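Novice: Got a sequence here, can you model it:
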Amino acid sequence: MKRITRRWLLNSFGVIVVVLAVLVVAGSFAVREYYYNLVVQAVQSQMTTLSTLMDTYVNDSSASDFNGEIRKMVANFEEKNKMELMALNEKGQVTITSSGFQGSDGGMSFPDFRTAMTSADGLGQHEGKQNGEHIISIAKKVPMVSEELAAIRLVVSLEYVDKQILIAILLIFLLGLTIIVFVVISSLYFIGSILTPLSAVSNTAKQIAQGDFHTRLEKQNDDEIGDLVDVINHMAGELANAEKVKNDFISSVSHELRTPLTAIKGWGETLRDAGAGDQQLVQKGMQVILGETERLSSMVEELLDFSRMQSGRLSLMMNRMDLVAELSEAVLMFTERAKREGQNIVYEEPEYFLMVVGDKNRLRQVFVNILDNALKYSDSGDTVMVEAKEEDGFGVITIADTGVGIRAEDLPNVKAKFYKANSTRRGSGIGLAVADEIINLHGGRLDIDSVEGRGTTVTIRLPLSNRKNEEQGD
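Specialist: Numbering: from 1, shown residues only. As a prediction, this is how the structure comes out:
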């Protein structure tokens, strides 16, 4: 489970951190550009206002008056608390400022001043350091350049703006950090809500793998994990049921094998001790031994068929054949047995063929299995009715008995492997599973209807051959 957390940290959380880092950096640049643009716009707007005033002075004043007006404009600058206004001579020296400075003996070289004096529009702008302070400045060439006055210059300190930008960037960073912390906490809780039940599922699955089919998980949420819990619990129940059915099957088969083996051994010892003098005893013993041997052989063949079915190796020899012929032979096989056991088989062989493409030996095996079950689960005086007919392009074989029937809760499982609804009657519990598989391989269907105490009806439907049915037989 730790691997899931590690993958989340490396993948999802890593992507979240990278995305937030990009957003923080982009947000920081956006804030810086926003604040700087505001400052630049404010300075440019103020310079536009001053330029308009200077144009007015040019029209209304002589050169000497113009210089005086500019000095008064600088001295009386209303925005002096926000920015500084300077008047510069031709050498770039500051002659007067809005802060009260009255001149300078030394020359100062301002980049924005040099640009303004040489550019076509008479404007120059610069961002950088001045006397160790971060500033933005704009210089404007005056309309009447003289030795005493060549340009005016607005200077704004960015120290306060930089502090505001730094605070905004810190807030953005803290917001990103808060989001990361929230994502980590919520994700760890979410991962824990997944890993904890998954760990329980893993431990329970290990217990089930070790053979503890009675362990169960407690469903806590109605979500995908809850569905998984339901599946695990259902699987455990099915495995427990399969284990029980398998044990019952082994017990049943062991009993079924032990009975004929006991008879064979008993009669073998009897014949050995009696010798060959009593021919009647020998004849009876040999008859029992042969009968029980045939029974053992049938059981072994049934088990082999089941093994082939499980491994997908149950093969068919498909040919065009008559269902009626194979059914009639199977009925004939059980007629004498039914008489011996006081039972009655009612069968009227139809006078037409039911031609199908199939394996006649396997289909006869199905008929034999169902007839054997019908007699086995019937008592003396009961009747087994057999019918063959054509219906909607299918050959329909119906074998109905008036025997003990099947309980309603057992009916859905009677075709399942190893399942034996009535443990008081002999049988391995796999005959119907093999019969159902054979019918399915023929493209047909085997249905079972039963009422406990009233009998069972088995209906087999097989698709008839495409060729028209033969006319009535001779």
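Novice: Now the terminal residues of stretch 212-231, how far apart.
Specialist: One end of stretch 212-231 to the other measures 16 Å (C-alpha to C-alpha, to the nearest Å).
Novice: So what's the gap between it and the chain middle?
Specialist: Centroid separation for stretch 212-231 versus its chain: 16 Å, with C-alpha atoms, centre = their mean, to the nearest Å.
Novice: for the helix or strand where residue 56 lies, packing partners?
Specialist: In this assignment (DSSP states H and E), residue 56 forms part of helix 14-60. Helix 14-60 sits against helix 63-75, strand 123-130, strand 133-141, strand 151-157, helix 159-209, with contacts defined as 3 or more C-beta pairs under 8 Å, 6 or more residues apart in numbering; DSSP states H and E. Yep, even glycine has a C-beta here, placed from its N, CA and C like the rest.
Novice: Might you calculate how far it sits from the centre of the chain?
Specialist: Using C-alpha atoms, centre = their mean, the distance from the centre of helix 14-60 to the centre of the chain it belongs to is 52 Å.
Novice: about what we covered before: quick check: which of the helices and strands packed on helix 14-60 is buried the most?
Specialist: Across the helices and strands packed on helix 14-60, averaging neighbours per residue (mean count of other C-beta atoms under 10 Å) puts strand 151-157 on top, at a mean of 23.
Novice: Need the contact partners of that one.
Specialist: 39, 42-43, 46-47, 50, 54, 70, 74, 82-88, 94, 110, 112-113, 116-117, 122, 130, 133-142, 145 (C-beta atoms under 8 Å, 6 or more residues apart in numbering).
Novice: and if you look at stretch 55-72?
Specialist: With C-beta under 8 Å, 6+ apart, stretch 55-72 has contacts from 54, 87, 96, 142-144, 146, 148-149, 152.
Novice: what's the average pLDDT for it?
Specialist: Throughout stretch 55-72, pLDDT has a mean value of 77.
Novice: Now do that stretch: distance to the chain's middle.
Specialist: Centre to centre, stretch against its chain (C-alpha atoms, centre = their mean), the figure for stretch 55-72 is 83 Å.
Novice: repeat for stretch 195-215
Specialist: Averaging C-alpha positions (C-alpha atoms, centre = their mean) puts stretch 195-215 20 Å from its chain's average.
Novice: And for that stretch, what's in contact with it?
Specialist: Stretch 195-215 is contacted by residues 1, 4-5, 216-217, 220-221, 225, 228-229, 232, 235-237, 239-240, 243 when judged by C-beta under 8 Å, 6+ apart.
Novice: Which among the residues you listed count as buried?
Specialist: Among those, those classed as buried by neighbour count (16 or more other C-beta atoms under 10 Å) are 217, 225, 229, 232, 236, 239.
Novice: circling back: can you say which two of the contacts of stretch 55-72 are spatially most distant?
Specialist: The distance between the two most remote of the contacts of stretch 55-72 (C-beta to C-beta) is 18.0 Å, for 96 and 143.
Novice: which of these two has more neighbours?
Specialist: Ranked by neighbour count (other C-beta atoms under 10 Å), residue 96 and residue 143 place residue 96 first, with 23 against 13.
Novice: and the helix or strand encompassing residue 328, which residues are buried?
Specialist: Here residue 328 sits within helix 323-340, counting by DSSP H and E. Residues of helix 323-340 classed as buried: 323-324, 326-328, 330-331, 334, 338 (neighbour count, 16+ other C-beta under 10 Å).
Novice: from these, which single one is nearest residue 398?
Specialist: Lowest distance from residue 398 to the buried residues of helix 323-340 (C-beta to C-beta) belongs to residue 327, with 10.5 Å.
Novice: hang on, isn't that closest one packed against residue 386?
Specialist: Yes. Counting by C-beta atoms under 8 Å, residue 327 does reach residue 386; the two are 7.0 Å apart.
Novice: Could you list the low-pLDDT ranges of the stretch 201-350 of the chain?
Specialist: Along the stretch 201-350 of the chain, the model assigns pLDDT under 70 to residues 245, 248-249, 251-253, 255-256, 275-277, 309-311.
Novice: what ranges do the strands span in it?
Specialist: Applying DSSP state E, counting those that start in this stretch to the stretch 201-350 of the chain gives strands spanning 319-322, 344-347.
Novice: In stretch 365-379, which residues are buried?
Specialist: So, applying 16+ other C-beta under 10 Å, buried residues of stretch 365-379: 365-378.
Novice: Show residues contacting it.
Specialist: With C-beta under 8 Å, 6+ apart as the contact definition, stretch 365-379 has outside contacts at 305, 326-327, 330-331, 333-334, 337-338, 341, 343, 345, 384, 386, 397, 399-405, 422, 425-427, 431-432, 434-435, 438-439, 446, 455-456, 458, 460.
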